[in-house]
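Q: build me a model:
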Amino acid sequence: MPKPRKSQISLIDTPYYHCVSRCVRRSFLCGEDKFTGQSYEHRRTWVEVRLLFLASVFAIDICAYAVMSNHTHVVLCVDKDLAESWSMTEVVRRWHQLYQGTLLSQKFQRGDTLSKSEYISLEETVSIYRQRLYDISWLMRNLNEYIAREANKEDNCTGRFWEGRFKSQALLDENAVLACMAYVDLNPIRAKMEKTPETSKHTSIQQRIHALIKGEQPSKLMRFVGNHRQDMPKGIAYNLIDYCELVDCTGRCIRKIKQVTLNISKTLFLND
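A: Sure thing, here's the model as predicted:
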């Protein structure tokens, strides 16, 4: 029996989580359907653009992501303190980028004068919006609903697009975070969709490598801030170059192992 979401996400224990969403039956998120020959590659862009947009609205940072043929991986970091520091105006502004809100929140955003009772009611509504803006379930819900609507519209059909609710795994320490990020970034190589991290389309590692060449870090991804020190800035406590080398070396090992396995299989087949 699956655990309730509230028991899987506990910000007291960790702000880092690995989330996976998988398409139902033979639905294709992207890639090419081998049975019909139809390509859904453009849907990768839908997911990537929407995910990065949501990161600019929610108080949730993206550490890593990979868009696969029928599922997505994303490593998230919740910043509850950031959400709690936002003013009412900021919370309403962000929420209205996703939803219409209420008549009172619309009135407040326009700058109209509110009565005392209206203001008290709005404060209660904003408190709910604030909590949702650092809630992983709300981010994943918005992402998956948006993609499902667009895919169903394109396929001219209705019904479920995703297998069910997203799966969530808590990452309890820095080693777990880095290991999971590397696992996510290397998914296209493991699946033989790509040969190198820098050519792995619609992944966070490709964005990081391309930005690193320019001496920068992607603005829409959580930054690497180096090793622990006093006055530690917000970010992943690891060196970006070291992480890229870790992903590159691990990717080469995966390719070698797969090649050796393939050679052994061929030899056994020929000798059979």
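Q: going by C-alpha atoms from here, please, whenever you check contacts or count neighbours.
A: Fine.
Q: where does the residue positioned nearest the centre of the chain fall, secondary structure wise?
A: What sits nearest the mean C-alpha location of the chain, by Cα atoms, centre = their mean, is Val74, with 3.4 Å. Assignment of secondary structure by DSSP states H and E places Val74 within strand 71-78.
Q: which neighbours does that strand have in its sheet, and in what orientation?
A: Within its sheet, and counting by DSSP bridges, strand 71-78 is paired with strand 16-22 (antiparallel), strand 60-67 (antiparallel).
Q: who wins for proximity to Gly37 among the ones you listed?
A: Counting by Cα to Cα, Gly37 lies closest to strand 60-67 out of the strands paired with strand 71-78; the figure is 19.6 Å.
Q: kindly format the C-alpha coordinates of the closest one as CSV.
A: Taking C-alpha atoms only, strand 60-67 is exported to CSV below (Å, rounded to 0.1, in the frame of the first residue of the first chain):
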residue,chain,number,x,y,z
ILE,A,60,11.7,25.4,-5.0
ASP,A,61,15.1,25.2,-6.8
ILE,A,62,15.9,22.6,-9.5
CYS,A,63,19.1,20.8,-8.9
ALA,A,64,18.9,18.3,-11.8
TYR,A,65,16.4,17.1,-14.4
ALA,A,66,16.2,14.7,-17.3
VAL,A,67,13.3,14.3,-19.8
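Q: that one - what's its average pLDDT?
A: Average pLDDT, strand 60-67: 95.
Q: give the buried residues for that strand.
A: Buried residues in strand 60-67, counted by 16 or more other Cα atoms under 10 Å: Ile60, Asp61, Ile62, Cys63, Ala64, Tyr65, Ala66, Val67.
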